[in-house]
Each structure stands twice: as structure tokens, then as C-alpha cells.
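J.: Please work out how this folds:
(one chain, ligands or ions: 1)
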Amino acid sequence: MHTIHLNKDRAASLLRRHPWVFSGAIARVSGQPAPGDTVRIVDAAGSPLALAGYSPSSQIRARVWSFGTDESIDADFLARRLEAAVARRRALLDDRERTGCRLVYGESDDLPGLIVDRYGDFLVCQFLFTGVERWKDDIVRILRERVPCKGIYERSEAAVRAREGLPVTQGVLWGEEPPELVEINEQGRRYGVSIAHGHKTGFYLDQCANRALLARLVAERSVLNCFAYTGGFGIAALQGGASHVLNIDSSAPSLALAADNFRRNGLGADRFDNLAGNAFDLLRQFRHEGRRFDVVILDPPKFAETKVQFKRAARAYKDIALQGASLLNPGGLLVTFSCSGAIDLPLFQKITADALLDAGRQGQILHYLHQSEDHPVGLAFPESLYLKGLVCRVA
Ligand code: SAH
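T.: Below you'll find the predicted structure:
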């Protein structure tokens with residue numbers, strides 16, 4: 001078998017069961033593995049450590065399938081891993097009030113580079129690593145045999161595929177083409193999801209638990225929902241008894257879908273407004289106009305893709321938190337998120353503290369939030385924690 005020989009003193013992370021082998025850790029590659037081939041990883045003394053998929057064009061040169069070298073990496077192996085991931089979510093799959101959830105979350109589910117989300121009768125996959133691309137046909141067959149569904153669709157993220165040297169692909173992998181909108185039920189909240197055109201695989205499933213929490217905090221309060229997308233938090237707020245929701249997003253089509261989703265939930269046009277525009281500008285304008293809200297939600301897109309961009313990103317997070325906090329009535333709630341992996345929780349908390357200081361407001365953290373439980377964090381793989389949120393009470 002092809003073998004990757006690590007440099008001296010570069011075995012520690014694998015021994016701690018971190019699943020990535022970076023190019024800089026590699027002394028040499030023996031054999032001529034093709035992209036996606038299974039390779040043996042050995043330490044500088046030649047002792048075997050793991051079996052991994054090989055990805056020659058990525059800085060993450062190999063991702064571990066199995067620690068140790070006893071298992072064969074084949075369709076049966078993948079079936080066992082997929083079955084385990086699905087079995088861990090059995091309660092979610094059986095819950096009729098939860099028809100949208102993540103079934104496979106990559107490395108956290110011991111399936112590097114594979115994402116599978118369920119939206120009602122459809123599964124949506126992302127193949128983000130050559131090692132998993134290699135097994136695509138088997139993975140699709142195993143999924144359709146084990147998870148009842150009408151169709152399986154691919155929505156792989158273009159930028160990640162490019163880094164892996166993979167072509168950008170989208171479309172039906174098996175079964176029926178999904179309709180333009182697939183309705184999911186999230187604990188009584190109904191959302192139309194565009195699998196072909198929505199963000200990520202169609203929806204922000206990772207915020208599910210946070211939407212449920214928000215619903216419990218907002219009774220009779222007015223809510224400004226910035227970066228609203230298709231109304232995820234706004235609908236949760238109104239179902240939790242909020243008096244009114246103002247949704248802001250720069251994308252008019254997303255807001256149109258949000259309006260559709262409010263109707264889907266029987267929430268009348270008197271209870272919400274949609275405003276298309278740049279949140280950075282609108283927050284400033286509202287401050288200038290002296291507008292006030294009881295709750296301000298900030299759930300922006302990823303401002304930092306990499307460590308290099310994190311300073312600019314930190315300024316952007318601070319800016320919206322400062323403006324958002326300034327709009328709060330005394331005792332109001334600032335609900336602020338970052339999904340940038342490059343900004344960790346201590347830094348995000350500091351950014352938020354600095355923002356409140358500059359806004360001349362005092363605050364306390366009531367809740368630390370993260371991604372929902374169907375996006376578990378691998379203890380040996382801290383990179384899988386990307387979503388951080390704070391609920392602050394602002395005096
Ligand atoms: N809170 C949403 C997800 C938000 S995704 C949910 O739970 O479903 C981020 C959203 O921010 C996208 O809809 C995008 O259109 C919007 N966006 C990006 N930049 C923006 C800006 N400068 N001003 C307002 N909205 C912006």
C-alpha cells in the first residue's frame with residue numbers, strides 16, 4: 001500500500017486522534033497514490049499510525065479514515081460509519097416534529113469531508129474531500145438503502161472543492177429532483193427550503209436549538225432580526241410571543257422567502273416587516289433615528305474565512321455589536337453570533353465586551369450558544385466547533 005512517512009516529532013496530533021495530516025508534517029510519500037487513494041500513515045520510525053484518504057492538491061494532504069491499520073477501507077467500512085452516524089440521530093429521524101436535521105457531520109462523525117443533511121424526503125450531500133469523492137457512488141447507495149428518501153442531491157461548496165482539485169458539481173445523485181421548495185418542520189416551525197438555490201445545503205440547520213431558545217426569551221418584546229435570511233429566527237420569535245419582528249437582509253430574494261415562511265406559519269403581515277439593505281448602514285441609520293428594540297439578533301455570514309482575515313472580521317463583528325447594542329431598550333437582549341472558525345469564543349466574547357464598552361452600555365452574558373446537537377463537536381477535532389453565540393442582557 002502507498003505510505004506517507006511523517007517527519008520526526010509530527011505524530012503527536014494523530015496519536016491524539018486529530019484526523020488531519022498537513023503537508024508540512026510529511027517527510028516523503030512512497031508509492032504513487034492517486035487522489036482519493038487510501039494511504040498508510042507511519043511515523044518517522046516506520047510505526048503504523050492510521051489509514052487515510054490522500055488529497056495531493058490540498059494543504060490537508062490526508063484525512064484519517066481509521067486510527068490503526070487493521071480495517072479495510074471499503075464499502076462495508078463506509079456502511080458501518082454511515083449507519084453509526086444515522087443511529088446516533090435515530091431520535092431526531094423518528095421525531096415527526098423535526099424533519100430537517102444533519103445526518104452526517106464530516107470528521108465529527110468519522111467521515112471526513114462528508115456532509116449529509118435531511119430536508120423532509122430529500123437528502124443533500126456535500127463531498128468536500130477527494131477521499132470521500134472517491135466513494136461517492138457507494139455512499140449514495142448506502143444512504144438510499146438505509147435512510148428512506150425520495151431523492152439524494154449534491155450541493156458541494158465550490159471553494160472547498162476547488163482547494164481539493166475537484167470539479168464543482170451540483171444536481172441529483174439519485175431519485176427524484178427536489179421541488180423548488182421543500183417544507184421542513186422544526187419543532188412546529190415550518191420553513192420552505194430551496195435545496196437547489198439556498199445557502200449551504202439550503203438552510204441553517206445549525207441554529208435549530210438557538211431558535212428554540214430564542215422563542216423562550218422574547219415574549220411581548222420587539223425584535224430586530226439582522227441577517228434574517230429566510231426568517232429562521234424571526235418565525236421562532238413570533239411563535240415565542242414577540243410583539244413584532246423587523247427582518248433585515250441584503251438579499252431581497254431571501255426576504256421574499258422569509259415572507260412566504262411567515263405566511264406558512266400563519267403569522268400575519270401586521271406582526272413583521274422586511275427591509276432589504278446593508279445591515280451595517282441600517283443599524284447606523286436606526287441609531288441616528290433613535291429607534292429602539294427589546295431584542296437585537298446579529299447572525300451575519302462568515303466574516304473571516306482564514307486566520308489572515310480575522311482582524312478585519314473582528315472589526316466587523318464589533319461594529320455591528322456596537323450599533324446593535326445602541327438600539328436596545330434598557331434590559332434588552334443582544335443575541336450575537338459568529339460562524340467564523342478563525343474567531344474563537346474567548347475572542348468573540350472580548351469583541352462583544354469591547355463593543356458594549358464603546359456603546360457606553362453594560363452587559364451580562366446569559367447564555368453561551370453553539371451549533372445544534374446534530375452538528376456535534378469532535379473532542380479530538382476542535383475545528384468542528386465553528387458557531388459561537390452570546391445572549392447578553394444589556395443595561
Ligand atoms: N439567521 C439566518 C442565517 C443568516 S445567513 C438563519 O438562522 O437562517 C447570513 C445572511 O446575511 C444571508 O441571508 C445574507 O444575505 C445576509 N447578508 C450578508 N451580508 C449582509 C449585509 N451586509 N447586510 C445585511 N444582510 C447581509
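
J.: For the lowest-mean-pLDDT helix or strand in the chain, give me every contacting residue.
T.: Lowest mean confidence among the helices and strands of the chain (mean pLDDT, DSSP states H and E): helix 158-163, at a mean of 84. Taking contacts as CB atoms under 8 Å, 6 or more residues apart in numbering, the residues outside helix 158-163 that touch it are 57-59, 126-128, 167-169. Backbone N, C-alpha and C define where each C-beta goes, glycine included.

J.: among those, which are in strands?
T.: Of those, the ones assigned to strands by DSSP state E are 126-127.

J.: And the buried ones among the contacts of helix 158-163, selectable in ChimeraX?
T.: Typed into ChimeraX, the line below selects the buried ones among the contacts of helix 158-163, using 16 or more other CB atoms under 10 Å:
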select :58,126,127,128
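
J.: out of the contacts of helix 158-163, who's nearest the ligand?
T.: Of all the contacts of helix 158-163, the ligand sits closest to Gln126, with 17.0 Å by CB to the nearest ligand atom.

J.: Which helix or which strand is home to the closest residue to the closest one other than its chain neighbours?
T.: Nearest non-adjacent residue to Gln126, counting by CB to CB, 6 or more residues apart in numbering: Ile115, 4.0 Å away. Applying DSSP states H and E as the criterion places Ile115 in strand 114-119.

J.: And Ile297, by the same measure?
T.: Judged by DSSP H and E, Ile297 forms part of strand 293-298.

J.: List the buried residues of the following helix or strand past the least confident helix or strand of the chain.
T.: Counting by DSSP H and E, the next helix or strand C-terminal to helix 158-163 is strand 170-175. The neighbour-count check on strand 170-175 (16+ other CB under 10 Å) flags 173-175 as buried.

J.: Stretch 184-194 now?
T.: For stretch 184-194, burial by neighbour count (16+ other CB under 10 Å) applies to 184, 186, 189, 191-194.

J.: So what touches it?
T.: The contact list for stretch 184-194 (CB under 8 Å, 6+ apart) reads 96-100, 119-120, 180-183, 202-203, 208, 211-212, 230-232, 235-236, 239, 257, 260-261, 264-265.

J.: Report how far apart the opening and closing residues of stretch 17-30 are.
T.: For stretch 17-30, the first-to-last residue distance is 23 Å (CA to CA, to the nearest Å).

J.: Going by distance to the ligand, which of the buried residues of stretch 184-194 wins?
T.: Tyr191 (8.3 Å).

J.: Is the helix or strand hosting that closest one in proximity to the ligand?
T.: In this assignment (DSSP H and E), Tyr191 forms part of strand 189-193. No. Counting by CB under 6 Å from any ligand atom, the ligand has no neighbours in strand 189-193; the shortest distance is 8.3 Å.

J.: can you check stretch 369-381 too?
T.: No. Figure legend: stretch 369-381 not in contact with the ligand (CB under 6 Å from any ligand atom); closest approach 11.1 Å.

J.: Quick one: mean pLDDT for that stretch?
T.: For stretch 369-381, the mean per-residue pLDDT is 97.

J.: So Asn225 is in contact with Ser254, correct?
T.: No. The criterion here is CB atoms under 8 Å, and Asn225 misses it with Ser254 at 11.9 Å.

J.: which of these two has more neighbours?
T.: Counted by other CB atoms under 10 Å, Asn225 and Ser254 do not tie: Asn225 has more neighbours, with 30 against 20.

J.: Neighbouring strands of the helix or strand the more buried one falls within in the sheet, and parallel or not?
T.: Element membership for Asn225, per DSSP H and E: strand 222-226. Here strand 222-226 is paired, per DSSP bridges, with strand 244-249 (parallel), strand 293-298 (parallel).

J.: Export these to JSON lines and append columns for mean pLDDT.
T.: Conversion of these to JSON lines gives the following (pLDDT from 0 to 100):
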{"stretch": "strand 244-249", "mean pLDDT": "98"}
{"stretch": "strand 293-298", "mean pLDDT": "98"}
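
J.: Of those, which stretch is the most buried?
T.: Ranked by mean neighbour count, the strands paired with strand 222-226 are led by strand 293-298 with a mean of 25 (mean count of other CB atoms under 10 Å).

J.: Kindly provide the distance from Leu356 to Ala313.
T.: According to CB to CB, to the nearest Å, Leu356 and Ala313 sit 18 Å apart.

J.: follow-up on the earlier one: check the contacts of helix 158-163 one by one and keep those near the ligand.
T.: Okay, of those, nothing touches the ligand (CB under 6 Å from any ligand atom).

J.: what about the residue of the stretch 201-350 of the chain at minimum distance from the ligand, neighbour count?
T.: Closest contact between the stretch 201-350 of the chain and the ligand, by CB to the nearest ligand atom, is at Gly232 (3.1 Å). Using other CB under 10 Å, Gly232 is surrounded by 27 other residues.

J.: list the helices and strands the helix or strand hosting Val140 packs on?
T.: Assigned by DSSP H and E, Val140 belongs to helix 136-146. Contacts defined by 3 or more CB pairs under 8 Å, 6 or more residues apart in numbering; DSSP states H and E place helix 136-146 against helix 75-88, strand 122-127, strand 151-155, strand 170-175.

J.: Residue numbers of this protein in contact with the ligand?
T.: So far as CB under 6 Å from any ligand atom goes, the chain lies against the ligand at 204, 207, 227, 229-230, 232-233, 248-251, 254, 278-280, 299-301.

J.: redo that, cut-off 5 Å
T.: Within the chain, the positions near the ligand by CB under 5 Å from any ligand atom are 204, 207, 227, 229, 232, 249-251, 254, 278-279, 299, 301.

J.: With secondary structure as added columns, please give those residues in TSV.
T.: Shown next, in TSV, are these (DSSP: H, G, I helix; E, B strand; the rest coil):
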residue	secondary structure
Tyr204	coil
Gln207	helix
Phe227	coil
Tyr229	coil
Gly232	helix
Asp249	strand
Ser250	coil
Ser251	coil
Ser254	helix
Asn278	coil
Ala279	helix
Asp299	coil
Pro301	coil
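
J.: Pull out the buried members of these.
T.: Buried members of these, counted by 16+ other CB under 10 Å: 204, 207, 227, 229, 232, 249, 254, 279, 299.

J.: if we can go back for a sec, chain center to the strand holding Ile297: distance?
T.: Relative to its chain's centre, strand 293-298 lies at 22 Å (CA atoms, centre = their mean, to the nearest Å).
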